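In: A predicted structure for the sequence below; I have some questions about it.
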Amino acid sequence: MSAVTAEPAARDWRQALVERPAIALTGVLLVLYLVTATQAPGMLTLNGIRSTLLLACPLAVLAASQTLCMLTGGIDLSTVMTANFAAYVAANQSGRGPVVALGLALAVGLAVGTVNGIGVGVFKVNPLIMTLGMASVLLGVVTVGLVGDGFLSGSTRLLPVLRTVASGTLVGPIPTNMVVWALLAAGLIFGLSRTGLGRAVYAVGDNPVACRLAGVRIWQVLFAVYLLSAVLAALGGLLFSGISGSVGPDQTNAYLLPSVAAAVIGGTSILGGVGGYTGTILGALILTVLNRLLLALDTTEAFRQILYGLIVLALAWVYVRVTGQRGS
Amino acid sequence: MTTAPQPVAATPLPRPSSRANRFRRRQGWVVGVAVLLGALVFWRYSQIPAFGPFEVRGIVAGTMTLALLAMAQSVIVISGGIDLSVGAMMVLANCIAARLMLDQDLGPVVLVALGVVAVAMLLSGLIGLVTVVSGVPDIVVTLAASFILAGLALVVLDGPGGGTHPRFQELMVGGFDQPLPSLLWLTGLLALVWVPFKRSRLGIATYAVGSDRAAAFLSGVRVGRTRVVAYVLGGFFSGMAGVVTTAFTGSGEPRASIGATATLTSVAAVVLGGVALMGGSGTLLGPVLAAFCLSLIPPLMLGLGWDPNYAEVARGIIIIVVVMIGGLVQVPRRSR
């Protein structure tokens, strides 16, 4: 291979990938989908496409909160606990009508987000610690609430509307939860690229010192990001409970790594300032198909976990290698 | 009208800080945690009518795993990284040890323990190597690694099981009312592994790399090698944590959630123990003391007649509040 002539071509190729990660990711997704189809022929039917989209939705919503936090150089480890808690509250209050129940569930998100936002934005607590501590607090609250006749021990009946929205079918292979997902994706992609707050999110992640000197009120940006992150987490929890048809104190915990991984695979840097939600959508789809492939392979749970970890690692490695987006 | 020229203020010479000042700056936090621990132990002491060796043994042996994990996490955090797989590593070590130690004599059991620690060092070093070589952020690598390690633990042991030698249990965590072995192990590891390491060239390099990677590189420190070494040492401590768990419970338990919770608590102990997450500062004594503080919370709550499940809430709030206070205290000293 002649390095001299290959060099510019390789750089163009890489440049294109850095600027448009969506192209390469779509390719990976298609290849992975076809490979999976060889193991699980059902994937090629309309129903197969529908179930992939259906299952990818809650992951993509949870990954949206990671994407937002990661763009500012943070991370939100409390998302899954917020999601569990919100889903529980919605099921508990389902007797009081969908408006009250969903309102209270989103209020959980708002409350968690406010505390996280104040901690990270105003008190400048390291996001990892802040959200870790918050996850611990929420775990305790949920555990206590479930014991005996605690405040969460009421009904666990799902809201009918949640069931319809989260697991119904809109038309053909499009599940109903795609409506929520599409609205949210459009809002996030537009918001991040076209609004002042969105640009500030990138700026804060890229260089907080320069931001402060330029007059950006960093605490407000961080507050907004963590507030939104927790609300998205609550929404993700509601959507997940609609699919699973039940609530549980740890039902979305297995989504923590995938939600971070979806954002990383989608090209969002955990160091902040680089990335976006388009990539995360593809990342979430890739991970969902990967999960399906691993299920189709006739192996044990243990082996599936090992493979999953290895593939996530490999994807992240390849991505970082190709785009030259290395950790400091 | 003539005005006398203003006397030029002489630039004050930087005054060398006194010994007491240096001690306060370097060890102040650790002393604070030690005082807190003393207060908590005294509180627990006043709660139980007959506070004796049995209770002390229970506290010390029950905290050993967490203290070792806090040490593992600290070394890696000091080197400027973070390892979200220490808990899973502990679970894997526990499962390997319990499976191989079942129905063995003391000799082979000790050999297995040594082998398990070696395997943990190797795996952790591999994780460090992948982090350094790939350039993928350490949070992502170690999160993925925690999945892989938890899967491996399930391969080794598909459910609770395994066993160990009773004599080995006594050697590691002491008998019914014998707190000495656990205390000796912890102080021994701190004094014979950590202190020599900290004072060696590698240890100083670890602090340098954690403090400022670029500056360390420019001063001739081999950054990549130093970071991998930190992971190897971290693996040593998490492997030890797995062996101790085997001795304490007398069996192996491959449940992944145990590892996840343990990892989170180890990060909490590190932060409480005064090791800055930015790296490059802190010692291992603080996190060990902090681990004891954290594991005293549930029994204290039980003693108060509260639901011990609130301990999780208390833990979370303590972590956040401590970091907030620490941030407020540290802000004037170094503005970042």
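Out: Yes, it's here. What you are looking at is a predicted structure, and each value in this text was computed from that prediction instead of being measured. Residues are numbered from 1 along each chain as shown, chains lettered A, B, ... in the order given.
In: rest of the way, CA atoms for contacts and neighbours
Out: Noted.
In: strands of the stretch 201-336 of chain B, start to end?
Out: Using DSSP state E, counting those that start in this stretch, the stretch 201-336 of chain B contains no strands.
In: for residue B:333, give me the pLDDT.
Out: Residue B:333 carries a pLDDT score of 43 in this model.
In: the one 3 residues further on too?
Out: We have a pLDDT of 37 for residue B:336.
In: low-confidence ranges, the chain, go.
Out: Using chain A here. Along chain A, segments meeting pLDDT under 70 span A:1-11, A:14, A:17-19, A:323-328.
In: that's the other chain; I wanted chain B
Out: B:1-9, B:326-336.
In: find the closest residue to chain A in the stretch 151-300 of chain B.
Out: For the stretch 151-300 of chain B, the residue positioned closest to chain A under Cα to the nearest Cα is residue B:151, at a distance of 4.3 Å.
In: which SS class is that residue?
Out: Classification of residue B:151 using DSSP: H, G, I helix; E, B strand; the rest coil returns helix.
In: how many neighbouring residues does it have?
Out: Residues near residue B:151, counting by other Cα atoms under 10 Å in any protein chain shown, number 28.
In: tell me which element the residue nearest to it when sequence neighbours are not counted is part of?
Out: Leaving aside its sequence neighbours, residue B:151 sits nearest to residue A:302 (Cα to Cα, 6 or more residues apart in numbering or on different chains; 4.3 Å). Here residue A:302 sits within helix A:301-323, counting by DSSP states H and E.
In: go on, residue A:272?
Out: Per DSSP H and E: nothing holds residue A:272, as it lies in no helix or strand.
In: can I assume it is in contact with residue A:205?
Out: Yes - using Cα atoms under 8 Å as the test, residue A:272 is close enough to residue A:205 to be in contact (4.2 Å).
In: if we can go back for a sec, would you quantify the distance from the residue of the stretch 151-300 of chain B closest to chain A to residue B:57?
Out: Distance of residue B:151 to residue B:57, given as Cα to Cα, to the nearest Å: 33 Å.
In: hang on, the earlier thing: the residue nearest to residue B:151: what's it in contact with?
Out: With contact set as Cα atoms under 8 Å, 6 or more residues apart in numbering or on different chains, residue A:302 has these partners: B:150, B:151, B:152, B:153, B:154, B:155.
In: show me the helices in chain A, by range?
Out: Secondary structure of chain A (DSSP state H): helices at A:3-19, A:21-39, A:46-71, A:79-92, A:98-117, A:127-146, A:160-167, A:177-194, A:196-206, A:208-213, A:218-244, A:256-265, A:277-296, A:301-323.
In: got the residues of chain B near chain A?
Out: B:134-137, B:140-141, B:143-155, B:264, B:268, B:307, B:309-317, B:319-320, B:323-324, B:327-328 (Cα under 8 Å from any Cα of the partner chain).
In: buried members of those residues into PyMOL, please.
Out: Only the buried entries of these go into this PyMOL selection, using 16 or more other Cα atoms under 10 Å in any protein chain shown:
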select buried, chain B and resi 134+135+136+137+140+141+143+144+145+146+147+148+149+150+151+152+153+154+155+264+268+309+310+311+312+313+314+315+316+317+319+320+323+324
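In: the residue positioned nearest the centre of chain A: what's its closest spatial neighbour, skipping adjacent residues?
Out: For chain A, the residue nearest the mean C-alpha position is residue A:63 (1.0 Å; Cα atoms, centre = their mean). The spatial neighbour of residue A:63 that comes closest, neighbours along the chain excluded (Cα to Cα, 6+ apart), is residue A:259 at 4.3 Å.
In: which parts of the stretch 201-328 of chain A sit against chain B?
Out: Checking the stretch 201-328 of chain A against chain B by Cα under 8 Å from any Cα, the hits are A:257, A:260-261, A:270, A:301-310, A:312-313, A:316-317, A:320-321, A:326-328.
In: could you tell me which of these count as buried?
Out: A:257, A:260-261, A:270, A:302-310, A:312-313, A:316-317, A:320, A:326.
In: quick one on the thing from earlier: residue B:32: which of the helices of chain A is closest?
Out: helix A:127-146 (20.1 Å; Cα to Cα).
In: does that closest one reach chain B?
Out: Yes - Helix A:127-146 is in contact with chain B by Cα under 8 Å from any Cα, via A:129-130, A:132-141, A:143-144.
In: need these in JSON lines with neighbour count and distance to residue A:196, can you?
Out: JSON lines is the format used below for the residues of helix A:127-146 next to chain B (neighbours: other Cα atoms under 10 Å in any protein chain shown; distance: Cα to Cα, whole Å):
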{"residue": "A:129", "neighbour count": "24", "distance to residue A:196": "28"}
{"residue": "A:130", "neighbour count": "29", "distance to residue A:196": "26"}
{"residue": "A:132", "neighbour count": "24", "distance to residue A:196": "29"}
{"residue": "A:133", "neighbour count": "29", "distance to residue A:196": "31"}
{"residue": "A:134", "neighbour count": "29", "distance to residue A:196": "29"}
{"residue": "A:135", "neighbour count": "24", "distance to residue A:196": "30"}
{"residue": "A:136", "neighbour count": "26", "distance to residue A:196": "34"}
{"residue": "A:137", "neighbour count": "24", "distance to residue A:196": "33"}
{"residue": "A:138", "neighbour count": "22", "distance to residue A:196": "32"}
{"residue": "A:139", "neighbour count": "24", "distance to residue A:196": "35"}
{"residue": "A:140", "neighbour count": "21", "distance to residue A:196": "38"}
{"residue": "A:141", "neighbour count": "20", "distance to residue A:196": "36"}
{"residue": "A:143", "neighbour count": "19", "distance to residue A:196": "40"}
{"residue": "A:144", "neighbour count": "22", "distance to residue A:196": "42"}
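In: can you lay out those residues as a markdown table showing distance to residue A:58?
Out: Shown next, in a markdown table, are those (distance: Cα to Cα, whole Å):
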| residue | distance to residue A:58 |
| --- | --- |
| A:129 | 25 |
| A:130 | 24 |
| A:132 | 21 |
| A:133 | 24 |
| A:134 | 21 |
| A:135 | 19 |
| A:136 | 22 |
| A:137 | 23 |
| A:138 | 20 |
| A:139 | 20 |
| A:140 | 24 |
| A:141 | 23 |
| A:143 | 23 |
| A:144 | 26 |
